[in-house]
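Colleague: Let's see this in three dimensions:
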Amino acid sequence: MPSPHPSFDRRTFLAAGGLGYFGLNLAHPAAYASESARRPTAKSTIMIWLSGGASHIDTWDMKPDALAEYRGPFRPRATSAPGISLCEHLPHLSRQAHHLAVVRSVGDQGRGTGDHHAGYYYNLTGHAPDRSFHQLLNARTPYASDWPSIAAVVGMKRTPHPYLPNAVTLPHKEGAPEHTRPGQFSARLGIAYDPVFVEGTRERHLEFTVPALSLRGDVSAEQIVARRDLLRSLDEARRNAERDLAIRDYSIHQRRAFSLLGSSRTQEAFDLRREPETVRLRYGPGINAMSMLLARRLVEAGVPYVTVFWKGDRELDTLCKSGGGWDTHGNNFHCLRDRLLPEFDRPFAALLDDLHQRGLLNQTLVAVTSEMGRRPRIGDPRSGGAGGAGGAGRDHWTAAQSVLLAGGGIRGGQVFGSTDRRAEFPNDNPVGPEHIARTIFHAMGIDDLHAVDREGRPFRLMEDGRPLTELF
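Modeller: Next comes the predicted model:
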């Protein structure tokens, strides 16, 4: 199957390959029908993705009465919400739990593959992996015929922002380039609705780069104008090829590159140095903390959908056998306690409190999820077996995971669903990623799920699942 994006020379492409839909009203008229149906509760969504698969049993679905080989050494702690307990190593979030709805009964219902690519696809689109995922596993690349991401759907359904993208992904495109994860893209909707992919690094965590905002030092504004004129001439020469969808999409990228390059307001929106140092300190140091702060900054500016993909730490790759993220095949408890949980706890709690203090939480849905949970029975054969409860790993586990929701009309301080006594399988109110996707659409007032694909053919975006209206 072909890649969802055509391949072009990077110099010709003007660094616009990561750009997504903004500013240009390219939707079909039916795309915005839902806007008139009712006023949405949430104006924006922030999705925080714990890349690799966060351990539900060690964080927000703890089983203190289970056998030691399941529960591990962590203990639950009371929180600001009666009836909700969280891991003892989440002290900051525990003080914000009254904002949270914890959905503990999410599972793939046997429809996944147990691998990352299928988990990304299912949880980012709300659509179960097709046969190709079962055949290719993590070799399955993004296809142009894939279902669009939730981010792309929201971006398409919302009126274009006057100067910012409708959907932003930061601080990286997940898995790119070697293992680019499916589910991140607009796919069959067409490249016009891809998120803008914003890049950040652990080394320079205040500097976020939108590809089209970065010019090499030897490229002047006059040269940019000259290139634009040249590209117009090339466009004219290619007019007979405009029926080709890849060429059409490429032209969209060109126009957006110049639009971003000329917008000072766009550049300002991504400049974290405009935030007071006291605010940055509340979130804490590091790329993941600053990504959450930038997400708040973007929704405050009116961006409808922001995805924060956890930026892994290569130092953890060997220690946790995790690829640097939450895929803790080895040393699960040490890596969570000493590195991953502290790096998540402080900024995420600060984000919730910051949105609340600014009066933005009611109109901003915040979600925390990942591609899977972790195997409740301790000991991953791929990392040497049990190895003792303190240093053991947990394998992939797609049969059960938890999702955190806050804001956007969600009633805080509640738990939805449950898993069995070992956190292995959903027990009460079992749901799938399709229910979470529908809940996000519901929170944002998107009830019309009809769309037109990149070839002009109408289709329905989702058939499965239902919104979890009980949470509102």
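Colleague: Which parts of the stretch 151-300 of the chain are helices?
Modeller: 221-237, 245-261, 264-269, 277-283, 287-300 (DSSP state H, counting those that start in this stretch).
Colleague: Next, the buried residues of the fourth one.
Modeller: Across helix 277-283, burial judged by 16 or more other CB atoms under 10 Å covers 280, 282-283. (Glycine included, C-beta is placed from N, CA and C.)
Colleague: Include distance to residue 149 and pLDDT when you put the residues you listed into JSON lines, please.
Modeller: Conversion of the buried residues of helix 277-283 to JSON lines gives the following (distance: CB to CB, whole Å; pLDDT from 0 to 100):
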{"residue": "280", "distance to residue 149": "29", "pLDDT": "97"}
{"residue": "282", "distance to residue 149": "30", "pLDDT": "97"}
{"residue": "283", "distance to residue 149": "26", "pLDDT": "98"}
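Colleague: Considering those, which is situated nearest to residue 104?
Modeller: residue 283 (27.0 Å; CB to CB).
Colleague: Quick check: that closest one touching residue 291?
Modeller: No. Here residue 283 does not reach residue 291: they are 9.5 Å apart, not a contact under CB atoms under 8 Å.
Colleague: Which residue is the nearest non-sequential neighbour of residue 175?
Modeller: residue 181 (4.2 Å; CB to CB, 6 or more residues apart in numbering).
Colleague: The one you found against residue 117, yeah?
Modeller: Yes. Between residue 181 and residue 117 there is a contact under CB under 8 Å: 6.0 Å.
Colleague: Any regions of the stretch 151-300 of the chain where pLDDT drops low?
Modeller: Filtered on pLDDT under 70, the stretch 151-300 of the chain yields the residue ranges 211-263.
Colleague: so who does the nearest residue to residue 290 once chain neighbours are set aside touch?
Modeller: In space, and not counting its chain neighbours, residue 290 is closest to residue 205: 4.7 Å by CB to CB, 6+ apart. Contact analysis of residue 205 by CB atoms under 8 Å, 6 or more residues apart in numbering lists 285-287, 289-290.
Colleague: Now with 6 Å, please.
Modeller: 286-287, 290 (CB atoms under 6 Å, 6 or more residues apart in numbering).
Colleague: How about residue 108?
Modeller: residue 398.
Colleague: Helix, strand or coil: sort out it for me.
Modeller: Counting by DSSP: H, G, I helix; E, B strand; the rest coil, the backbone at residue 108 sits in coil.
Colleague: just use 14 as the starting number from now, easier for me
Modeller: All set: I'll call the first residue 14, so the last point we hit is now residue 121.
Colleague: And residue 190, how far from residue 200?
Modeller: From residue 190 across to residue 200, the span is 18 Å (CB to CB, to the nearest Å).
Colleague: between the two, which one's more packed in?
Modeller: residue 200 (24 against 6; other CB atoms under 10 Å).
Colleague: tell me which element the residue positioned nearest the centre of the chain is part of?
Modeller: When CA atoms, centre = their mean is applied to the chain, the residue found nearest the centroid is residue 320 (3.7 Å). Element membership for residue 320, per DSSP states H and E: strand 318-322.
Colleague: Likewise for residue 389?
Modeller: Going by DSSP H and E, residue 389 is not part of any helix or strand.
Colleague: Tally up the residues packed near it, please.
Modeller: 29.
Colleague: thinking residue 374 is in contact with residue 418, fair?
Modeller: No. Counting by CB atoms under 6 Å, residue 374 stays clear of residue 418, with 11.7 Å between them.
Colleague: Of these two, which one has the most company?
Modeller: Taking other CB under 10 Å, residue 374 and residue 418 do not tie; residue 418 has more neighbours (28 against 22).
Colleague: residues in contact with the more buried one?
Modeller: Counted by CB under 6 Å, 6+ apart, residue 418 has contacts 114, 380.
Colleague: part of a strand, is it?
Modeller: Yes. Counting by three-state DSSP, residue 418 is located in a strand.
Colleague: how far away is it from residue 54?
Modeller: Relative to residue 54, residue 418 is positioned 13 Å away (CB to CB).
Colleague: try residue 172
Modeller: For residue 172, the distance to residue 54 - CB to CB - is 17 Å.
Colleague: neighbour count winner among the two?
Modeller: Higher neighbour count among residue 172 and residue 54: residue 54, with 17 against 12, using other CB under 10 Å.
Colleague: Now do the contacts for that one.
Modeller: Here residue 54 is in contact with 421-422, 456 (criterion: CB under 6 Å, 6+ apart).
Colleague: Buried only: go through these for me.
Modeller: 421-422, 456.
Colleague: quick check, nearest of these to residue 126?
Modeller: The nearest one, if we look at the buried ones among the contacts of residue 54 relative to residue 126 and count by CB to CB, is residue 456, at 28.9 Å.
Colleague: list the contacts for that closest one?
Modeller: Residue 456 touches 54-55, 378, 421-422, counting by CB under 6 Å, 6+ apart.
Colleague: Throw those residues into a markdown table and include secondary structure and distance to residue 222, thanks.
Modeller: Output for the contacts of residue 456, formatted as a markdown table (DSSP: H, G, I helix; E, B strand; the rest coil; distance: CB to CB, whole Å):
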| residue | secondary structure | distance to residue 222 |
| --- | --- | --- |
| 54 | coil | 33 |
| 55 | coil | 28 |
| 378 | strand | 27 |
| 421 | coil | 29 |
| 422 | coil | 34 |
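Colleague: could you dump these to JSON lines with pLDDT and distance to residue 86?
Modeller: Output for the contacts of residue 456, formatted as JSON lines (pLDDT from 0 to 100; distance: CB to CB, whole Å):
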{"residue": "54", "pLDDT": "81", "distance to residue 86": "40"}
{"residue": "55", "pLDDT": "96", "distance to residue 86": "38"}
{"residue": "378", "pLDDT": "98", "distance to residue 86": "34"}
{"residue": "421", "pLDDT": "97", "distance to residue 86": "35"}
{"residue": "422", "pLDDT": "95", "distance to residue 86": "37"}
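Colleague: And the residues you listed, which is closest to residue 355?
Modeller: The nearest one, if we look at those relative to residue 355 and count by CB to CB, is residue 378, at 25.2 Å.
Colleague: how far away is residue 425 from residue 108?
Modeller: In terms of CB to CB, residue 425 sits 13 Å off from residue 108.
Colleague: between the two, which one's more packed in?
Modeller: Comparing residue 425 with residue 108 by neighbour count (other CB under 10 Å), the higher total belongs to residue 425, at 20 against 13.
Colleague: where in the stretch 364-485 of the chain is pLDDT low?
Modeller: In the stretch 364-485 of the chain, residues with pLDDT under 70: 395-404.
Colleague: residues near residue 457, how many?
Modeller: 26.
Colleague: Next, the buried residues of stretch 364-378.
Modeller: Of the residues in stretch 364-378, those buried (16+ other CB under 10 Å) are 364-369, 373-374, 376-378.
Colleague: Identify the residues contacting residue 166.
Modeller: Residue 166 makes contacts with residue 474, as judged by CB under 6 Å, 6+ apart.
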